[in-house]
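Novice: Got a sequence here, can you model it:
(2 chains)
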Amino acid sequence: MTAHSKFTVAYTVHKLTDYSPAALGKAAIECVSACSSEASAVRNEADLKAFRDRWLARKHGILTQINDLWLKGAPKESKREAGIRVNELKVRIQELVDGAHVSAVQPEIAVDRVDLSLPGIHRPIGAEHPVLRASREMCAVFQRMGYSVAEGPVVETDYYNFEALNFPPNHPARDTQDTLFIAGQESKPQREKLLLRTHTSPVQIRTMERLRPPIRIVIPGVVHRNDPPDASHSPMFHQIEGLAVDTNITFGDLKGTLDYAMKDFFGSSVKTSFRPSFFPFTEPSAELYISCFICGGTGKRGSDPCRPCKQTGWIEILGCGMVDPNVFEFVKDNGYDPKKVSGFAWGMGADRVALLKYGVDDLQLFFHGDVRFLAQWA
Amino acid sequence: MKLSAQWIRDFVDVPVDDRRLAEALSGVGIAVEGIGGSGKDTVFEMEIGTNRPDAMNHYGVAREAAAIYDVGLKPLSALSHQLSAKAPQDAPFHITVEEPQLCPRFSACVIKNVKIKPAPEKIAHRLQLLDQRPISNAVDATNYVLWEMGKPTHVFDLDLLEGGRLLIRKAIQGEKLKTLDGVERTLSSEDLVVADAKKPVGLAGVMGGYDTMITDKTRNVLIESAWWDPLTVRKTSRRHGIHTDASHRFERGADFESTVLSCDLVARLILDSGGGELSGDVVDVVSRKLDQAPIVLRISEVRRILGEKLTGGHVFRILKKLGFNLIPEGEEDAEFRVQIPSWRLDVEREIDLIEEIARLHGYDKFENTLPSFSGAVVELPNAAVDKAFRTRALALGYNEAVSLTFISNADAERFSSASVLELENPLSEEARVMRTSMAPGMLDMIAWNLNRGVEEVRLFETGRIYEMRDKERIEPERACLGTTMAALKRWLPAAAMLDISKGEGAGTAEALRAFKGDVESLLAVFECAEIRFDRETQEYFHRGRSARALANGAVVAQFGQVAESVRADRKLRQEVFLAELDLDRLHKLGARKVKIAVLPKYPPVERDFSFIFADEVDFGRIEQALSGLQLQELRAFAPVEIFRGAAIGSGKYSILLRVRLQSDEGTLRDQQIAAWSEQIVKALQKLGGVQRA
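Specialist: Model prediction:
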């Protein structure tokens, strides 16, 4: 069976008598459309070969025939015009032949059928840890706003963890940070005593000691507190913190920046609300609430109460504020004169953000390394 | 902390219901976290910041409400009526303050012929709403006043005070005082006490003495209301482990001007319920005035920090409502001299006033803006290579894990020789030390999985370990991989299997080789010309099934099967494999640089060589021997099959090597190939290898 035998009226090349542009054009269109319909009728490899030979074979292929019949037979005054036409035609035919392929309707396939309703074979793919993933995503939000990532030690001195952040020795505000202390520090002066940092804020001071303003930093890291483990507490957890200092930073900038960041991270429909709070290292201080992204701020999920927002429609997400001038006093010599610069800082728990974002109900799940739990993020 | 909504409304007429009032208070930072009860018994669950002791009571919250709604606040003095001494003052009570710095003000008054009995129903009910246990009319009076207006006071049984005088002094080291909670305490010379002529009768600002407390038999009462130095109260409270409602307020700063008023209020309540008469006026010993200097507030500074064009008039109205007194200075309200009310010890600086303005203006009313920035963005030096490492570990099928940073002393000793950082107040004995190795945490996580029937475990963790070195703390960065035999065997590609001998040992060898491949893939993230392996791993690894990797001579990793002893101790129900990578050293190598080789023009030729070697001749030596030929055309060689078994004889193995020869100059000719093959055979024979047919 040859390819063209299937066609009702197979295309054949005729000698041309009329070499007017219109007649040449008509003949060319006829030829191309014939080739095109034959191309789409190719059903198997044998068809394909026959089709290719019929059009391109050197000896009796249609293109060769066109060359012989149209070009060689052309009157002298039409030779040029006919040459251009034939060349265009050759290119077009070549394209059609090259583009021809065996079309999918092949009855033979049914014989060699693989059961693809069987499950695919899955190579193991590891999953990023949900807390670190949330933390990295949040960092990325701020990196897009021109923030650089900064880090610092986990074992800190009293000075960086408390004093330089405006927690004077013996200040009641220290009670709110159940601190784990390193043993054997009795002989050291208070500010040199080692402890496990209770927040990532010491990195603010360390960075301001190192870099002059303006700065924009985002600080991810591990922190510790003397909290026995339960569904919402862990002695080790993760914070993400930010700091921006420049000559022109205002409370409005703090609000605008965090509003933008929350929309970027939780979704553009999230609304923000700021309420006054107290932190020794910021003033004014605020707590940021976002409209509950689970219930959409309604406080309800269907007819059930929304648990994550305690039916209020709002979720407390982070603490923030304008950097307290007392904090700048500790790094004043490096260009942080509180009369000239201002800044804002914010900090949040990455673990809590991950709990909320992914709907996990027990913080401890993050620290067991249970493959069944972790693989859900793959 | 609980407060009664109705009690707040005693002082202010708020035009909204309790729920709206709660929301409005939260909006200015006097956070109502929850609402309980209903009607007149509605209770607010409050969360008041440590800087606002003035708002830890009903009157203080009423003051905030009055400011929010711009309505009047009833004066407290109205409650005390006009008390006047009715009984003649028989013997004036002497108060001596030896420590004027620590007790700048001490007020007291005496009520005689009181009948001690339960407090009136209204008082008791209100205290119960706040979870306070009613005790007696006199004691409840002090408690009521504390919750009403925030000033802690104390009542003594006057007749149990010896010598007719009170002395405010430092305790004598070792002196004993039995406090109200019935505990006998040994005092330090740092403690400040209220004492009578013979003995301490109260721990200043913290708790009164047991022996002088009000009892059913009490007839005469002395009311004390003092202002104590916050730091002294805090230290004493911590030293003795007593935290009371009084110490909570004193250590945050009480209202200096309310000592007399609070004495009056307590006296009024006692007189109302227990009868009796006031003996003499309130004695008010002021040994030192608190320094509350006026603050200069500049509108320009308000705008610089808050970014909103607030006017002088606006600022004036807000602060005035909170009890601040403002005197305009300079032109057009550009500056004010602000006098601070005595109950606001937290306001000391201009920024504190700016916070008050922002708070009452309403945070949400400030326009959201985004600042411009002229600084540079700097990536952490290892950010890119760390990401490449993590991505590759994930692609190899390892889940990223996080374990706690604490380990036990025993694990610290077993897994590291570093000197440790120990915690002074650990959560438990098993969590006493900061981890000096990632291995224990990883093993614990693997055990967690195995104990729950999860057999195929692949985990990795990157993080810091904590060591003391040369008296300095350091936090080296490490990565740790952990996996199980089941996980490794599950993904052994059949085509990559070398060892065709059947037997358990062969499977283990292949699994270990798969793990080595993972480690090598991760090491390949970093730039190193040469990785060498030796067997000098730590003791917690299996002797024969572990290796160290050295990059340019420095140890960068150790990996392999964990020792049987470790497995037994942790009851691991499967062979477990660990790899520990020294990220600090690897970071120094930097990220691998891509090098492009020209693709060969001429076809390669492959030749197989089958040899039998003694077990001592490991593949490393074969590798060395062939590399030693320095044949440029010897492009690659790899083991294709290994066999051990009876057919070969013990202590020996057979290996099929596939060698690829290729030239850049032209297609290889038969005699060239023959010549090189001969060199290869000779090199292998030199190792003691016997070529097989």
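
Novice: For the rest of this, base every contact and every neighbour count on C-alpha atoms.
Specialist: OK.

Novice: With adjacent residues omitted, what lies nearest to the residue of the stretch 101-250 of chain B found nearest chain A?
Specialist: Across the stretch 101-250 of chain B, no residue is closer to chain A than B:L231, which sits at 7.0 Å (CA to the nearest CA). Closest residue in space to B:L231, ignoring its immediate chain neighbours: B:E251 at 6.1 Å, by CA to CA, 6 or more residues apart in numbering or on different chains.

Novice: what's near enough to touch that neighbour?
Specialist: For B:E251, the contacting residues are A:P172, B:D229, B:P230, B:L231, B:T232, B:V233, B:R234, by CA atoms under 8 Å, 6 or more residues apart in numbering or on different chains.

Novice: most surrounded residue in the residues you listed?
Specialist: Each of those was scored by neighbours using other CA atoms under 10 Å in any protein chain shown; the highest score is B:V233's, at 25 neighbours.

Novice: quick one: secondary structure of that residue?
Specialist: Three states are possible here, and by DSSP: H, G, I helix; E, B strand; the rest coil the one that applies to B:V233 is helix.

Novice: so how far is B:L203 from it?
Specialist: Distance, B:V233 to B:L203, by CA to CA, to the nearest Å: 9 Å.

Novice: Overlap in contacts, the two.
Specialist: Residues touching both B:V233 and B:L203 (CA under 8 Å, 6+ apart) are B:L192.

Novice: residues from the stretch 451-600 of chain B in reach of chain A?
Specialist: With CA under 8 Å from any CA of the partner chain as the criterion, the stretch 451-600 of chain B comes near chain A at residues B:V454, B:V457, B:R458, B:L459, B:R473, B:E475, B:W491.

Novice: mind running it again at 10 Å?
Specialist: Taking CA under 10 Å from any CA of the partner chain as the criterion, the neighbours of chain A within the stretch 451-600 of chain B are B:452, B:454-461, B:463-466, B:473-475, B:487, B:490-491.

Novice: What about those residues, which are in helices?
Specialist: Judged by DSSP state H, those include B:A487, B:R490 as members of helices.

Novice: Please pick the buried ones from the residues of the stretch 451-600 of chain B next to chain A.
Specialist: Restricting those to buried positions leaves B:455-461, B:463-466, B:473-475, B:487, with burial counted as 16 or more other CA atoms under 10 Å in any protein chain shown.

Novice: Residue ranges in chain B under the pLDDT threshold?
Specialist: B:78-92, B:503-504 (pLDDT under 70).

Novice: Grab the longest helix from it for me.
Specialist: Criterion DSSP H: the longest helix present in chain B is helix B:504-523.

Novice: Provide the strand pairings for the helix or strand just after that helix, with the direction of each partner.
Specialist: Per DSSP states H and E, helix B:504-523 leads on to strand B:531-534 as the next helix or strand towards the C-terminus. Based on DSSP bridges, the pairing partners of strand B:531-534 within the sheet are strand B:541-551 (antiparallel).

Novice: need the contact list for B:T391.
Specialist: Remark: with contacts taken as CA atoms under 10 Å, 6 or more residues apart in numbering or on different chains, B:T391 is in contact with A:G126, A:A127, A:E128, B:V385, B:Y398, B:L522.

Novice: swap in B:R126?
Specialist: By CA under 10 Å, 6+ apart, the residues touching B:R126 are B:L3, B:S4, B:Q6, B:W7, B:D41, B:Q132, B:P134, B:Y144, B:W147.

Novice: I'd assumed B:F44 was in contact with the first one.
Specialist: I take that to be B:L3. Yes: shown here, B:L3 and B:F44 form a contact pair, counting by CA atoms under 10 Å, at 5.2 Å.

Novice: Check the secondary structure at A:G221 for me.
Specialist: Assigned with three-state DSSP, A:G221 falls in the strand class.

Novice: Same check on A:V131?
Specialist: Note that with three-state DSSP, the state of A:V131 is helix.

Novice: Check the gap between it and chain B for me.
Specialist: The span separating A:V131 from chain B equals 9 Å under the rule CA to the nearest CA, to the nearest Å.

Novice: Spatially central residue in chain A, please.
Specialist: In chain A, the residue lying closest to the centroid (CA atoms, centre = their mean) is A:E137, at 8.5 Å.

Novice: That one belongs to a helix?
Specialist: Yes: membership of A:E137 in a helix is supported by three-state DSSP.

Novice: and the closest residue to it other than its chain neighbours, how many neighbours?
Specialist: Closest residue in space to A:E137, ignoring its immediate chain neighbours: A:F265 at 7.5 Å, by CA to CA, 6+ apart. A count of neighbours around A:F265, defined by other CA under 10 Å, yields 16.

Novice: A:F265 sits in which helix or strand?
Specialist: When elements are assigned from DSSP H and E, A:F265 belongs to helix A:251-266.

Novice: Next, the buried residues of that helix.
Specialist: With burial defined by 16+ other CA under 10 Å, the residues of helix A:251-266 counted as buried are A:251-266.

Novice: ok, the residues you listed vs B:V97, which is closest?
Specialist: In terms of CA to CA, no member of those lies closer to B:V97 than A:F251, at 46.5 Å.

Novice: so the closest one sits right up against B:A358, yeah?
Specialist: Yes: applying CA under 10 Å, one finds A:F251 in contact with B:A358, separated by 9.1 Å.

Novice: shared neighbours of these two, which are they?
Specialist: Joint contacts of A:F251 and B:A358 (CA under 10 Å, 6+ apart) are A:P284, A:S285, B:I305, B:L306, B:E308, B:F366.

Novice: Tell me if stretch B:201-220 is near chain A.
Specialist: No: legend: contact between stretch B:201-220 and chain A by CA under 10 Å from any CA is lacking; minimum distance shown is 14.6 Å.

Novice: and that stretch, which residues are buried?
Specialist: So, applying 16+ other CA under 10 Å, buried residues of stretch B:201-220: B:201-215, B:218-220.
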